[in-house]
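A.B. asks: just coords:
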């Protein structure tokens, strides 16, 4: 098979390209720019484009399939050439389905927790040397790639609700046709695509409709919006419905223990949201042949997904974490988790508003009261991000009104927030840095270590 990737440098795209290359496909690709780590990873496999840019001459009738990334535009010269030649053009989720339509497909959907649930399942299956394929949205320990495609009988897929490609406006998770579907929760996001909460919720109803007949839907009943959605919609489908809640647990000196039949299990992750993620992962594993006792034996060594409450630095009286939290529900859940885990310490919570949704003035009110659990609340918007996205700047007053917190401190330059953090006393204080961006290019590990060495 000869496959060409348009916009090969994306996180999912370059991982899929590597997976197909390792499977023996002839893989080529193009992009206007390829950043690290994609650049080095593609180069190591010998499939990095020789030159940047779009080159219609790359597209010939010898190509069996074009895989189109979301980064490309509808007038991309290579896409137009492929359409002119009548070549089959796939989005990457569409192509994942093509490669897995004869497998048992487990699809993890939801507004939050998708990567963590998927990573937990992968960790357990890998622990027992099971034969499986996967697609996950973050690099996780024990896995060289974020995508694997082989002759395995099962594939575990992190199912994103964002659009599949510039010419396929369906959410990605609609395309996988799950045998086992998971929904972790429903909290409005992607306002640039789904302008109302009702239009966003509708995508999860449509996802339920894509689950194969006699399939299984696993969902969190602690989420009232989701519970109502399932009760009003999923009952129309011939599905096995399995719900989950927060499992029993206790915290002792900053360590969480699950209470299970016959004893306890020490785990490395913490927070109610992660414990619910763990229960979802357990139910999936039960559904594909891993019993609960074996699940707990394996999950005790799970260290967490990348950028999800990832430890940056610690000493006797402080811990500094970074987290991918950027939407209102994720922000609130992550702050609550750290406060509950360390009840005797104060918390500095810093959120970077970086996505189109979070930088939308109409959406800003969704953040009301979400940062109030922190003792010191910081909000950062990189002024360079606003320029790149052609968005108008936010005033401090708008940020304070949106978050309903008149004590928060607002920054729009990375050097200023860095200096502020370095000026604080961290005695008996934790710090949480939350963003899907980079805080204006700050090296968070270096910053964390410098803060704790004072």
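C.D. replies: Structure's in. What do you need? Every value quoted in this text rests on a predicted model; they were computed, and no experiment measured them.
A.B. asks: Mind telling me what element the nearest residue to residue 274 once chain neighbours are set aside is part of?
C.D. replies: Of all residues not flanking residue 274 in the chain, residue 116 sits nearest, at 6.4 Å (CB to CB, 6 or more residues apart in numbering). Heads up, the C-betas are built off the backbone N, CA and C, glycines and all. Element membership for residue 116, per DSSP states H and E: helix 114-127.
A.B. asks: before we move on, what about residue 418?
C.D. replies: In this structure, residue 418 sits in helix 414-423 according to DSSP H and E.
A.B. asks: could you check the angle helix 414-423 makes with the next helix or strand after that helix?
C.D. replies: On the C-terminal side of helix 414-423, the closest following helix or strand by DSSP H and E is strand 429-434. Relative orientation of strand 429-434 versus helix 414-423 (axes from the mean of the first three to the mean of the last three CA atoms, to 10 degrees): 160 degrees.
A.B. asks: partner strands of strand 429-434, parallel or antiparallel?
C.D. replies: strand 319-323 (parallel), strand 346-352 (parallel) (DSSP bridges).
A.B. asks: who wins for proximity to residue 194 among those?
C.D. replies: Minimum separation from residue 194 across the strands paired with strand 429-434 (CB to CB) falls at strand 346-352, 21.7 Å.
A.B. asks: contact partners of the closest one?
C.D. replies: With contact meaning CB atoms under 8 Å, 6 or more residues apart in numbering, strand 346-352 is reached by 325-326, 331, 335, 338-339, 371, 373-382, 417, 421, 424, 428-437, 439.
A.B. asks: Let's have the strands paired with strand 429-434 in TSV, adding distance to residue 237.
C.D. replies: TSV is the format used below for these (distance: least, CB to CB, whole Å):
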stretch	distance to residue 237
strand 319-323	35
strand 346-352	38
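A.B. asks: the bottom helix or strand of the chain by mean pLDDT?
C.D. replies: Lowest on mean pLDDT, DSSP states H and E among the helices and strands of the chain sits helix 383-388, with a mean of 85.
A.B. asks: May I see the buried residues of that helix?
C.D. replies: Neighbour counts over helix 383-388 (16 or more other CB atoms under 10 Å) mark 385, 386 as buried.
A.B. asks: ok, now stretch 37-52?
C.D. replies: Buried-residue list, stretch 37-52, by 16+ other CB under 10 Å: 38, 39, 41, 42, 47, 48, 49.
A.B. asks: Tell me which entries of the residues you listed lie within helices.
C.D. replies: 38, 39, 41, 42 (DSSP state H).
A.B. asks: Tell me the one among these nearest to residue 250.
C.D. replies: For those, the nearest to residue 250 is residue 41 (41.4 Å; CB to CB).
A.B. asks: Thought residue 18 was touching the closest one, still the case?
C.D. replies: Yes - with contact defined as CB atoms under 8 Å, residue 41 reaches residue 18; the gap is 6.5 Å.
A.B. asks: thinking again about what came up before, now for the ones in helices among the buried residues of stretch 37-52, which pair is the farthest apart?
C.D. replies: Across these, no pair lies farther apart than 39 and 41, at 7.4 Å, counting by CB to CB.
A.B. asks: roughly how far apart are the residue most central in space within the chain and residue 25?
C.D. replies: Compute the mean C-alpha point of the chain, and by CA atoms, centre = their mean the closest residue is residue 115, 4.7 Å away. Here residue 115 is placed at a distance of 26 Å from residue 25 (CB to CB, to the nearest Å).
A.B. asks: Where does pLDDT dip in the stretch 151-300 of the chain?
C.D. replies: Scanning the stretch 151-300 of the chain for pLDDT under 70 picks out nothing.
A.B. asks: what are the ranges of the helices in it?
C.D. replies: 197-210, 224-233, 272-287, 292-299 (DSSP state H, counting those that start in this stretch).
A.B. asks: Can you tell me which of the ones you listed is packed in deepest?
C.D. replies: When you average the neighbours per residue for each of these (mean count of other CB atoms under 10 Å), helix 272-287 leads with a mean of 23.
A.B. asks: Show me how far it is from its chain's centre.
C.D. replies: Relative to the chain's own centre, helix 272-287 is displaced by 16 Å; criterion: CA atoms, centre = their mean, to the nearest Å.
A.B. asks: helices or strands next to that helix in the packing?
C.D. replies: Packing contacts for helix 272-287, counted by 3 or more CB pairs under 8 Å, 6 or more residues apart in numbering; DSSP states H and E, involve strand 104-109, helix 114-127, strand 180-183, strand 216-220, strand 240-244, strand 255-260, helix 292-299, helix 328-341.
A.B. asks: do that again at 7 Å, thanks
C.D. replies: For helix 272-287, the packing partners by 3 or more CB pairs under 7 Å, 6 or more residues apart in numbering; DSSP states H and E come out as helix 114-127, strand 180-183, strand 216-220, strand 240-244, helix 292-299, helix 328-341.
A.B. asks: before we move on, the earlier item: looking at the buried residues of stretch 37-52, spot the one nearest residue 267.
C.D. replies: residue 41 (30.7 Å).
A.B. asks: if I pick that closest one, what's in contact with it?
C.D. replies: 14, 18 (CB atoms under 7 Å, 6 or more residues apart in numbering).
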